[in-house]
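A.B. asks: just to be clear, the model below is a prediction. Sequence and coordinates:
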Protein chains: 2
Amino acid sequence: MNMIEILKQRGKSVEVFISKYIISENIPNRLRDSMRYSLEAGGKRLRPVLCLTSAMLFESDVEKILPFASAIEMIHTYSLIHDDLPAMDDDDLRRGKPSNHKAFDEATAILAGDGLLTDAFGLMCMADVPPATLVEAIREFALAAGSSGMVGGQALDMMYTGGAAISFDDLKEMHAMKTGALIRASCLCGAILAGADGDGRRHVADFGRELGIAFQIVDDILDIVSDTATLGKPAGSDIEKRKNTYPALLGLEESKSLACSHAEAAKASLAAFSGHDADFLRALADMTVQRVA
Amino acid sequence: MNMIEILKQRGKSVEVFISKYIISENIPNRLRDSMRYSLEAGGKRLRPVLCLTSAMLFESDVEKILPFASAIEMIHTYSLIHDDLPAMDDDDLRRGKPSNHKAFDEATAILAGDGLLTDAFGLMCMADVPPATLVEAIREFALAAGSSGMVGGQALDMMYTGGAAISFDDLKEMHAMKTGALIRASCLCGAILAGADGDGRRHVADFGRELGIAFQIVDDILDIVSDTATLGKPAGSDIEKRKNTYPALLGLEESKSLACSHAEAAKASLAAFSGHDADFLRALADMTVQRVA
C-alpha cells in the first residue's frame, strides 16, 4: 500500500468511529446535523492519523486509542467552525461547501462547535489505556487546545490582523500556538497513550512541532499561489484581510525554503526510529510541503 | 458558621484557586482579561460548592478535588458568555455588568468561552484522586456539558424560542439538559471523586437532578417577579423573547408549588445522610426556592 492509501485508510477508521458515535448520542436533531455537516465535510484527517501513527511507533494495537484520535478530529473541526464565524474570520466557504454558519445559522454553528469540543473530552475518556496515562494525555491535549495554545493563537491572530506588521518572533509564536500546538499534541499524545518513555515522547513531540511549523508556512503559501476551487476555501483571503503570514513577512521563496527546512528537521527528529510507521511519518512530512491543498 | 457563611467560604476557595490558575498560564493578555472579567463577575459559585459538598458526604479532605470543582465553575462561566452572544440570547447585561462581548468584543467573547471550556478539562486532570476515578468523573461531566446535555439544551431553547408553545414534557427535557445536567453532574462528580459507591452516587445524583429542576423553575419565576437591579440581568426578558418557561406554561402559583415539591424531593434523596454537610445541602435546596436573585 502506498502512503496516500495508508493515510486514507487510517483517516477512514476515524471517520467510521465518529459517525457511529454521533448517531449513538441523544443530540437534538438540528444540532446533530450541524455537527455532522462539518465532521463529514472531508479533510485529510491529518491530526488523528498523526496520533495513531505516532502511537504505532511504540505499540502495534492502536484500535484502543481510536476514541482519542477521533476526539482530536472533533476538536480540529470545532476550531474551523468557530474560526469561520462572522465575528472571527468571516469565511463563507470551507472545504468547498458553505461554512457551518452559512449552511445552518450562527447560533447553531457556535453550539455545534461547543458540542464537538465538549463531547471530544468525553470521548477521550473511552480510550482503553491505563487511566494514569490517559489523564496525562487529556491534560496535554487540553493545554495545547486551550487559551495558552490554539485558542490563544487565534486570539493573537484576531488581534494582529489588519494592524501593523508583526515581528518574525511574534509570527512564529502565534502560529506555533494557533496551528502548531494541536499538531504537536496529536503526535505527542499518540506516543503517551502507547506508553512511550521520555526520550520517545521527546522525539515524537519534536517531529510534531517541526511538522506543525512546516504545515502552517505551506498553508500561508497556498493561500497566495493556489485557487479557491483547489483549496475549498477562498484563496487570497489572507492578503485581503491583511493577515500576518510567512510570505507577507519573508516573501514566497524564502517561505518555501523555510518550510522545507522545518520538514527536514521533522524527519531528523525521527532518526531513532526505523520501520514502516516511521517511514510513513517521514513521508507525511514530505507530503506536507509538496501538497497543493 | 451559618449556611450563607459556608457557601461564601467554599465559593471563595474556588475563586482563589481559579485566580491563581489564570495568572499562571501563558494566555495572551486581552484573552486573559476577558476570561477573568467573566470569572470574577461574581455569582454564587453554586455548582463548585455542590461538587465540594457532595464529596464531603463521603470524604473529609476535599482540597484535592478543588481543581475539578474550579473547572466546573469555568465551564458554567463559558456557557454564560456564549449564551449572551448576539447570535444567541443577545443579552447586554450579566451579573450587573456589561456582558463579555459588550465589555470586549464578539470574537474575544467566543474565544474566552472556548478557552475556559478547554482549559477546564485540563484543570480537571489535576485533581489528586485515583486516575480511574478521575477519568470516570471527566467522562460524566463532559456528557452533562456536551451536545446531549447543556449544549443540546441551549440548542433546543434557541429552536423553541419565539415559536409555538411547547409541551410540558418538552419544557422539562429542555431544562433538564440546559440547566439540570450540569447541576446534577456537579453533585454526582463530587461523589464519584470522593469514592462513593453505587448507592451513594445514586442518592447524590437524584439530589442534583431535583435541585436542578427547582433551580430552573425559580429562575423562570424570578425573571417575572424580580427586577433588573436585583437580578443583575434584564428582568422580563423571557416574556419579551417569547421564551418557553414554567410560569408561561403553568402560571406563577403552580410554578412556585412545583419548585417547592422538587426541592422537597431533593432533600428526600439525601435521607440516608446525616451530619453537617448533608444539612448544608438540604439548606441549599431550601435556599434555592427562597432566593430572590
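C.D. replies: Nice, thanks for sending it over.

A.B. asks: go through chain A and flag its longest helix.
C.D. replies: helix A:198-225 (DSSP state H).

A.B. asks: residue A:14 and chain B: what is the separation?
C.D. replies: Separation of residue A:14 from chain B (Cβ to the nearest Cβ, to the nearest Å): 18 Å. In this view, the C-beta of every residue, glycine as well, is placed from N, C-alpha and C.

A.B. asks: how about that residue: what's its closest non-neighbour residue?
C.D. replies: In space, and not counting its chain neighbours, residue A:14 is closest to residue A:48: 4.4 Å by Cβ to Cβ, 6 or more residues apart in numbering or on different chains.

A.B. asks: also residue A:56?
C.D. replies: Using Cβ to Cβ, 6+ apart, the closest residue to residue A:56 is residue A:277 (4.2 Å).

A.B. asks: contacting residues for that neighbour?
C.D. replies: Counting by Cβ atoms under 8 Å, 6 or more residues apart in numbering or on different chains, residue A:277 makes contact with A:53, A:56, A:57.

A.B. asks: what about the last one, how many residues nearby?
C.D. replies: Right, the one you point to is residue A:57. Look at residue A:57: counted by other Cβ atoms under 10 Å in any protein chain shown, it has 25 neighbours.

A.B. asks: how about the second one?
C.D. replies: The tally of other residues near residue A:56 (other Cβ under 10 Å) stands at 21.

A.B. asks: mind listing what it touches?
C.D. replies: A:62, A:190, A:194, A:277.

A.B. asks: before we move on, the earlier item: buried ones in the longest helix of chain A?
C.D. replies: In terms of neighbour count (16 or more other Cβ atoms under 10 Å in any protein chain shown), helix A:198-225 has its buried residues at A:200-201, A:203-223.

A.B. asks: same question for stretch A:244-254.
C.D. replies: Across stretch A:244-254, burial judged by 16+ other Cβ under 10 Å covers A:244, A:245, A:246, A:247, A:248, A:249, A:250.

A.B. asks: start and end of that stretch, how far apart?
C.D. replies: End-to-end distance of stretch A:244-254 (Cα to Cα, to the nearest Å): 15 Å.

A.B. asks: who touches that stretch?
C.D. replies: The contact list for stretch A:244-254, computed with Cβ under 8 Å, 6+ apart, reads A:157, A:160-161, A:165-166, A:168, A:170-171, A:174-175, A:216-217, A:220-221, A:223-225, A:238-239, A:255, A:258-259.

A.B. asks: can you list the residues of the stretch 101-250 of chain A near chain B?
C.D. replies: Within the stretch 101-250 of chain A, the positions near chain B by Cβ under 8 Å from any Cβ of the partner chain are A:105-108, A:110-111, A:113-119, A:121-123, A:125-126, A:130-132, A:134-136, A:138-139, A:142-143, A:145-148, A:151-152, A:154-156, A:158-159.

A.B. asks: out of these, name the ones that lie in strands.
C.D. replies: Judged by DSSP state E, strands contain none of these.

A.B. asks: what about residue A:103, how many residues nearby?
C.D. replies: For residue A:103, the number of neighbouring residues by other Cβ under 10 Å comes to 17.

A.B. asks: so it touches residue A:35, yeah?
C.D. replies: No: counting by Cβ atoms under 8 Å, residue A:103 stays clear of residue A:35, with 11.8 Å between them.

A.B. asks: neighbouring contacts of stretch A:98-112?
C.D. replies: A:30-31, A:33-35, A:37-38, A:78, A:81-82, A:84-86, A:91-94, A:97, A:113, B:82, B:85, B:87-88, B:110, B:147, B:151, B:154-155, B:158.

A.B. asks: likewise for stretch A:198-213?
C.D. replies: So stretch A:198-213 is in contact with A:50, A:54, A:57-58, A:172, A:175-176, A:179-188, A:190-192, A:196, A:259, A:262-263, A:265-267, A:269-273, A:281, A:284-285, A:288, going by Cβ under 8 Å, 6+ apart.

A.B. asks: buried only: go through those for me.
C.D. replies: For the contacts of stretch A:198-213, buried by 16+ other Cβ under 10 Å: A:50, A:54, A:57-58, A:172, A:175-176, A:179-188, A:190-192, A:196, A:259, A:262-263, A:265-267, A:269-270, A:273, A:281, A:284-285, A:288.

A.B. asks: out of those, list just those in helices.
C.D. replies: Per DSSP H, the buried ones among the contacts of stretch A:198-213 map to helices at A:50, A:54, A:172, A:175, A:181-188, A:190-192, A:259, A:262-263, A:265-267, A:269, A:281, A:284-285, A:288.

A.B. asks: and stretch A:140-151, end to end?
C.D. replies: 15 Å.

A.B. asks: now do it: distance to the chain's middle.
C.D. replies: 12 Å (Cα atoms, centre = their mean, to the nearest Å).

A.B. asks: where in the stretch 151-293 of chain A is pLDDT low?
C.D. replies: The model of the stretch 151-293 of chain A has no residue with pLDDT under 70.

A.B. asks: could you dump stretch A:275-292 to CSV, C-alpha only?
C.D. replies: This file holds the C-alpha atoms of stretch A:275-292, laid out as CSV (Å, rounded to 0.1, in the frame of the first residue of the first chain):
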residue,chain,number,x,y,z
GLY,A,275,10.2,0.6,10.2
HIS,A,276,7.1,1.2,8.3
ASP,A,277,5.4,3.7,10.5
ALA,A,278,8.4,5.9,10.9
ASP,A,279,8.8,5.9,7.1
PHE,A,280,5.1,6.9,6.9
LEU,A,281,5.6,9.9,9.2
ARG,A,282,8.7,11.0,7.3
ALA,A,283,6.7,10.7,4.0
LEU,A,284,3.9,12.8,5.7
ALA,A,285,6.5,15.5,6.3
ASP,A,286,7.5,15.5,2.7
MET,A,287,3.8,15.5,1.6
THR,A,288,3.1,18.4,3.8
VAL,A,289,5.5,20.7,1.8
GLN,A,290,4.5,19.2,-1.5
ARG,A,291,0.8,19.4,-1.1
VAL,A,292,-1.4,21.7,-3.3
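
A.B. asks: that stretch: how far from the chain's middle?
C.D. replies: With Cα atoms, centre = their mean as the basis, stretch A:275-292 stands 15 Å off its chain's centre.

A.B. asks: quick check: buried residues in that stretch?
C.D. replies: Residues of stretch A:275-292 classed as buried by neighbour count (16+ other Cβ under 10 Å): A:277, A:278, A:280, A:281, A:282, A:283, A:284, A:285, A:286, A:287, A:288, A:289.

A.B. asks: got it, and stretch A:97-115?
C.D. replies: Burial within stretch A:97-115, assessed by neighbour count using 16+ other Cβ under 10 Å, is assigned to A:97, A:99-104, A:106-115.

A.B. asks: ok, and the closest non-adjacent residue to residue A:143?
C.D. replies: Nearest one to residue A:143, counting by Cβ to Cβ, 6+ apart, is residue B:122 at 5.3 Å.

A.B. asks: show the pLDDT at that neighbour.
C.D. replies: Model confidence at residue B:122, expressed as pLDDT, equals 97.

A.B. asks: need the contact list for it.
C.D. replies: By Cβ under 8 Å, 6+ apart, the contact list for residue B:122 reads A:138, A:139, A:142, A:143, A:146.

A.B. asks: show me the two of these that sit farthest apart.
C.D. replies: Longest distance between any two of the contacts of residue B:122 is 11.7 Å, between A:138 and A:146; criterion Cβ to Cβ.

A.B. asks: isn't residue A:72 up against residue A:49?
C.D. replies: No: applying Cβ under 8 Å as the test, residue A:72 and residue A:49 come out as separate, 9.6 Å apart.

A.B. asks: okay, the two: which has more neighbours?
C.D. replies: Using other Cβ under 10 Å, the more surrounded residue of residue A:72 and residue A:49 is residue A:72, with 30 against 26.

A.B. asks: and the more buried one, which helix or strand is it part of?
C.D. replies: helix A:66-84 (DSSP states H and E).

A.B. asks: run the angle between that helix and helix A:181-193 for me.
C.D. replies: Counting by axes from the mean of the first three to the mean of the last three Cα atoms, to 10 degrees, helix A:66-84 points 170 degrees away from the direction of helix A:181-193.

A.B. asks: what sits closest to residue A:13 if chain neighbours are left out?
C.D. replies: residue A:66 (6.5 Å).
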